[in-house]
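K.L.:
just to be clear, the model below is a prediction. Sequence and coordinates:
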2 protein chains.
Amino acid sequence: MKPSIPKGTRDFSPAEVAKRQYIIQKMRTHFEKFGYQPIETPSFENSETLMGKYGEEGDRLIFKILNSGNFFFNKKKIELPESIQSLQLNSAETIAVNELVELNKFTNNISEKALRYDLTVPFARYVVQHQNEIEFPFKRYQIQPVWRADRPQKGRFREFYQCDADVVGSTSLWQEVELVQLYDSVFTDLGLNGVTIKINNRKILSGIAEVIGASNKLIDFTVALDKLDKIGEDGVKKEMIEKGISETAIEKVQPLFNFAGSISEKIAKLSVLLAASTEGMKGVEELQFICDNVTDLGLSSAILDLDVTLARGLNYYTGAIFEVAPPKAVAMGSIGGGGRYDDLTGIFGLKNMSGVGISFGLDRIYLVIEELGLFPETVTTTSKAIFLNFGQEETKYAMKAITQLRKEGIKVELYPDNAKIAKQFQYAEKRGILLAIIVGNDEMQNNQFAVKNLVSGEQQKVSFDELKSLLQ
Amino acid sequence: MKPSIPKGTRDFSPAEVAKRQYIIQKMRTHFEKFGYQPIETPSFENSETLMGKYGEEGDRLIFKILNSGNFFFNKKKIELPESIQSLQLNSAETIAVNELVELNKFTNNISEKALRYDLTVPFARYVVQHQNEIEFPFKRYQIQPVWRADRPQKGRFREFYQCDADVVGSTSLWQEVELVQLYDSVFTDLGLNGVTIKINNRKILSGIAEVIGASNKLIDFTVALDKLDKIGEDGVKKEMIEKGISETAIEKVQPLFNFAGSISEKIAKLSVLLAASTEGMKGVEELQFICDNVTDLGLSSAILDLDVTLARGLNYYTGAIFEVAPPKAVAMGSIGGGGRYDDLTGIFGLKNMSGVGISFGLDRIYLVIEELGLFPETVTTTSKAIFLNFGQEETKYAMKAITQLRKEGIKVELYPDNAKIAKQFQYAEKRGILLAIIVGNDEMQNNQFAVKNLVSGEQQKVSFDELKSLLQ
């Protein structure tokens, strides 16, 4: 049987690891430049830390860990409800609620730990647990894998990295300003010029809901409005009406259908539109502060855009909402997102801690950089040269050079076996190593090295010092 | 209820992450310099990949993951053996073998994946699965966490990193030479001068077993011999006899009781002692090759030592055995180990693939560096300076400078809120930030910045360019 890995998981080859590390390293550098400090939390948490934090759907997607070793010994008796013993489950439809409850009870009986589902809940847990060691505001970043029992599909994995920067313990809108700058800083350094950082505010959305007089229709409203480019004003309005939003309501927010212009112009329009909504106007004020200051300070390559249809995290964000679209040349969904949540740590009993943060989508960023051919050629872990193996004496001579070169920080390797020379060349080529170093009797006698470029085929004899310069 | 993490797991604070990353980054650099390529494998593997590979004890320590989501729907009927339903388990003693078998069947029924227990088995699985994409010999390194359901205790965790470098597909002893150099290279760069790289060979141990005529007593023999320093020759011999090793046998290996001297001297003694054992003499020859070449090429700071009592991995190593002891100033167990195993990938059906590798113990290396005070002061993620917050206009002025400084790669941050100035200073001090930058009316009018050293208390006014040089 051919060995395999669980569906939704991945092996990463050396080339892939090098590219992923390149992105991660850039993120670390910029996170720290902006004053974010790294933390790491365990891969698994106590189940009660995670369960109930991500909604019903989320709970179902959390990977649970079976109590280890002699877990049965911890129980006086294994309690297996009769209802479970006799369950006949052929499809999702046949399970009754009371059966599900029994199943969950049973599961909790044999599992007390679960794999991290995201980095936000562990961060909140960390903050509350270590509150006496932490100085607030606490700016932390965290780059670690998370696990979700989602149905795997293209671009969706059961194990993937999240890269988060959050600050907790300050309501200052300068945080939002800095987070926009951080996005700009990272993406510019990765060569991803022209990403669009979309910004919105939960309070603006609440204001719109007030104005249309239907807060329960807010998502239907934003989803429809988001299609303006595709289906036109009439199409959008038709969809809104189908969703039960009244014509009167739609009329009230008519300016949103012609919402072009600069950010200042958009903000001016919102001020008029939301004049009657206290919360809406608070949102306008926040947006204005963030956008004005970002604009004053200037962005390196990113474009800031106000997008009132941006409604991610509607259930938890309370202020700013962010989403980053890749450069227009690439057809891909968002490569980052975030927002402010006024009560980050309340779930663990620490009240009044406002948090704001952003996340980078490592896998998508990787794909975008790959598609645009923006990984530098230097992003590789491959050796600069390989010393071929012509026998023991030659190899001793070669190893003296290799040892010296490595001390200079140069990546070189030895072909370990005295195999046929054609095989050694083939190995070097397939590995993508540019230079093969040949040491025969001649070279040993003259204190030289023959260097063969495996692409051009050129060959030259050099001294050790010349070899060193060549490889540096 | 105060939130907590599962026993045996750890949160890492910013200072700890910075230090761990410092070690890991050094390892990566040296691994790659020696031609090792990084791979990463999923955190969980299919259970059949891991089970049965680590012995009975190992199997018990593997964390199993509960089939996710609607896992019960995949079964037509949940099979719960009657024997389990009625189990009454009060202690480890009361379980019968047949009950254990039933428990295992049941466990396999509800769990198909398990967390990685080490990096070697996933590496072997990777090699076999990707054999057509890999050029052999394949030198890979891997730095990832592993999980073991061991009883947690001081220095033993349920989640910890392994850092492995292995090469598969070559029997060349130059690999062993390079691995000794790699240890030397990493530890020297970490400032850990004077580690002892102990080397032995499985074939030497087999030779000794032959000579004492009791291969089943080999571990008893090496364990006793290892106590020579502590309990003296008489004590060791007494223990050997108690363990059932005959006096005649002990006499035959008398030279091992006076096994001082240089490596060459030790090898000479072994040549005499093991002259009658073909396998033992093969081991002597291998040791000689490795030690001669390591000596010829020279080590930067590590000490190579032949230790015939070194018997780690007796069940799988077939050639060289390595273990690294920290510098003598530190009382701690081994900080690294490894060896050669002739059939690395046979368990997954790919025969005749010899492998040799070494492992670095991240947690212990961390403790040793900490104890010796060898972490450079620059190993920190803390900002170089914090701009205090005196109000909106001042902050706008400050943010212009911050934005510029960050573009130069300098770590600076802003105190986000216009809090009382004493509170801001206190925050900076507690965070361990050396410089506070003060921007008031005066500074703004003169295009200056007041820089206060929070340790010396000194304060000076500087221009932006001066500030930049100061922080660079």
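P.N.:
Thanks, I have the structure now.

K.L.:
do you have the strands of the stretch 1-150 of chain A handy? List them.
P.N.:
A:37-38, A:44-46, A:64-66, A:111-115, A:138-147 (DSSP state E, counting those that start in this stretch).

K.L.:
contacting residues for the closest residue to residue A:333 other than its chain neighbours?
P.N.:
For residue A:333, ignoring the flanking residues on the chain, the nearest one in space by CB to CB, 6 or more residues apart in numbering or on different chains is residue A:364 at 7.0 Å. Where you see a C-beta, it was placed from the backbone N, CA and C, and this is true even at glycine. Applying CB atoms under 8 Å, 6 or more residues apart in numbering or on different chains, we find residue A:364 in contact with A:155, A:326, A:332-335.

K.L.:
what does residue A:327 give?
P.N.:
A:192-195, A:368, A:372.

K.L.:
give me the buried entries from these.
P.N.:
Neighbour counting with 16 or more other CB atoms under 10 Å in any protein chain shown marks A:192, A:195, A:368, A:372 as buried within the contacts of residue A:327.

K.L.:
next, the third one: phi, psi?
P.N.:
With angles defined as degrees, to the nearest 10, residue A:368 shows backbone torsions of phi -70, psi -50.

K.L.:
and residue A:359, by the same measure?
P.N.:
phi -130, psi 150.

K.L.:
near it, how many other residues are there?
P.N.:
Each residue near residue A:359 was counted by other CB atoms under 10 Å in any protein chain shown, and the total is 22.

K.L.:
returning to that earlier point: residue A:154 versus the residue nearest to residue A:333, what's the distance?
P.N.:
According to CB to CB, to the nearest Å, residue A:364 and residue A:154 sit 12 Å apart.

K.L.:
shared neighbours of those two, which are they?
P.N.:
Residues touching both residue A:364 and residue A:154 by CB under 8 Å, 6+ apart: none at all.

K.L.:
tell me the secondary structure at residue A:452.
P.N.:
Recorded secondary structure, residue A:452: strand (DSSP: H, G, I helix; E, B strand; the rest coil).

K.L.:
show me the beta-bridge partners of it.
P.N.:
Residue A:452 forms beta bridges with residue A:436, residue A:459, as assigned by DSSP bridges.

K.L.:
residues near it, how many?
P.N.:
When neighbours are counted by other CB under 10 Å, residue A:452 registers 18.

K.L.:
which residues does it contact?
P.N.:
Contacts of residue A:452 by CB under 8 Å, 6+ apart are A:435-438, A:458-459.

K.L.:
restricted to buried residues, select those residues in ChimeraX.
P.N.:
Here is the ChimeraX command that picks out the buried ones among the contacts of residue A:452, judged by 16+ other CB under 10 Å:
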select /A:435,436,437,438
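
K.L.:
of the contacts of residue A:452, which is the nearest to residue B:32?
P.N.:
Taking CB to CB as the measure, residue B:32 lies nearest residue A:435 of those, at 16.3 Å.

K.L.:
ok, the closest one touching residue A:386?
P.N.:
Yes: the pair residue A:435 / residue A:386 is scored as a contact, 7.4 Å apart, by CB atoms under 8 Å.

K.L.:
about what we covered before: where helices are concerned, which of the contacts of residue A:364 count?
P.N.:
For the contacts of residue A:364, membership in helices holds for none, with DSSP state H as the criterion.

K.L.:
pull out the buried members of the residues you listed.
P.N.:
Buried among the contacts of residue A:364 (16+ other CB under 10 Å): A:326, A:334-335.

K.L.:
what residues sit buried inside stretch A:271-285?
P.N.:
Those would be A:273-274, A:277, A:279-284, for stretch A:271-285 by 16+ other CB under 10 Å.

K.L.:
just stretch A:373-385 next, same as before
P.N.:
By neighbour count on 16+ other CB under 10 Å, the buried set for stretch A:373-385 is A:375, A:379-385.

K.L.:
show the end-to-end separation of that stretch, please.
P.N.:
25 Å (CA to CA, to the nearest Å).

K.L.:
give me the domain ranges for chain A.
P.N.:
According to the TED database, chain A comprises the domains A:12-55+A:113-370, A:66-108, A:383-469.
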